[in-house]
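>>> Please find the sequence and the predicted model below.
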Amino acid sequence: MSDQSLRFCATWNDAKEQGKGVRGAILIDLQKELQRFIEKDGVEVKADPKDPLSLVILVPEGLLQFEVDKDQIPEPGVKFLQTFMPTLAKATLKFKDDINAIIVEGHTDTRGTDEHNLPLSQRRSMAVVMESLKALGGESRNRFLDLLSATGRGSVEPYTVNGAVDMDKSRRVVFKIRIRSFEQRGKQILVTMTDEKKS
């Protein structure tokens, strides 16, 4: 095995080991950076139980909870985003090499058809993205924009309490932070090593 191959294997293994702790490190840092929103507003920052490469930021009831069939952010939500987003952007940009995407995920309640609910949930997520970008300025806005995306989930993940759907809480937006996968880290390493070999 050549020195280059050995070096690649060692670097690949290092990336795998580092990747295991990245989500935990980002989670701890975000909880620290967002502490005032956790204490004052009831924001939750936690590991996504459905995805080992994601973190979830849950905004409490009333702030980003939409009226029936509406995509306008409630006034308390607009005020919340004006202070919350600069803090979130600053905290996540420290980990820009480890974060693959920040997804604003819109949801609806279970009334209506998929044909109606999917576009409605997409409009909700886009409204939050647009308002979030208004809250950011200059360079941090441009850098954060590279990570930010919006998606609508319709009514496929309603908010439930003891198995019963809570219609009001289902009309919400959730922030998901997606961590780079082991494969993505490996590709980064491969590109870096190829570039080093050329120079």
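Cool, got the structure.
>>> residues touching Gln122, list them.
Gln122 makes contact with Gly106, Ala150, Thr151, Gly152, according to Cβ atoms under 8 Å, 6 or more residues apart in numbering. To be clear about C-beta, it is placed using only N, CA and C from the backbone, and glycine gets the same treatment.
>>> Between these, identify the one with the most neighbours.
Greatest neighbour count in the contacts of Gln122, by other Cβ atoms under 10 Å, goes to Gly106: 29 neighbours.
>>> Spit out the contact partners of it.
120-126, 128, 150-153, 172-173.
>>> Reformat these into JSON lines and put distance to Ile57 and pLDDT next to each item.
Formatted as JSON lines, the contacts of Gly106 follow (distance: Cβ to Cβ, whole Å; pLDDT from 0 to 100):
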{"residue": "Leu120", "distance to Ile57": "22", "pLDDT": "96"}
{"residue": "Ser121", "distance to Ile57": "17", "pLDDT": "96"}
{"residue": "Gln122", "distance to Ile57": "19", "pLDDT": "97"}
{"residue": "Arg123", "distance to Ile57": "20", "pLDDT": "96"}
{"residue": "Arg124", "distance to Ile57": "16", "pLDDT": "96"}
{"residue": "Ser125", "distance to Ile57": "14", "pLDDT": "96"}
{"residue": "Met126", "distance to Ile57": "18", "pLDDT": "96"}
{"residue": "Val128", "distance to Ile57": "12", "pLDDT": "95"}
{"residue": "Ala150", "distance to Ile57": "15", "pLDDT": "95"}
{"residue": "Thr151", "distance to Ile57": "15", "pLDDT": "95"}
{"residue": "Gly152", "distance to Ile57": "18", "pLDDT": "96"}
{"residue": "Arg153", "distance to Ile57": "16", "pLDDT": "95"}
{"residue": "Arg172", "distance to Ile57": "12", "pLDDT": "93"}
{"residue": "Val173", "distance to Ile57": "10", "pLDDT": "93"}
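>>> Just put these in a markdown table and tack on distance to Lys50.
Listed next are those as a markdown table, based on distance: Cβ to Cβ, whole Å:
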| residue | distance to Lys50 |
| --- | --- |
| Leu120 | 23 |
| Ser121 | 18 |
| Gln122 | 20 |
| Arg123 | 24 |
| Arg124 | 20 |
| Ser125 | 18 |
| Met126 | 23 |
| Val128 | 21 |
| Ala150 | 19 |
| Thr151 | 15 |
| Gly152 | 18 |
| Arg153 | 12 |
| Arg172 | 16 |
| Val173 | 17 |
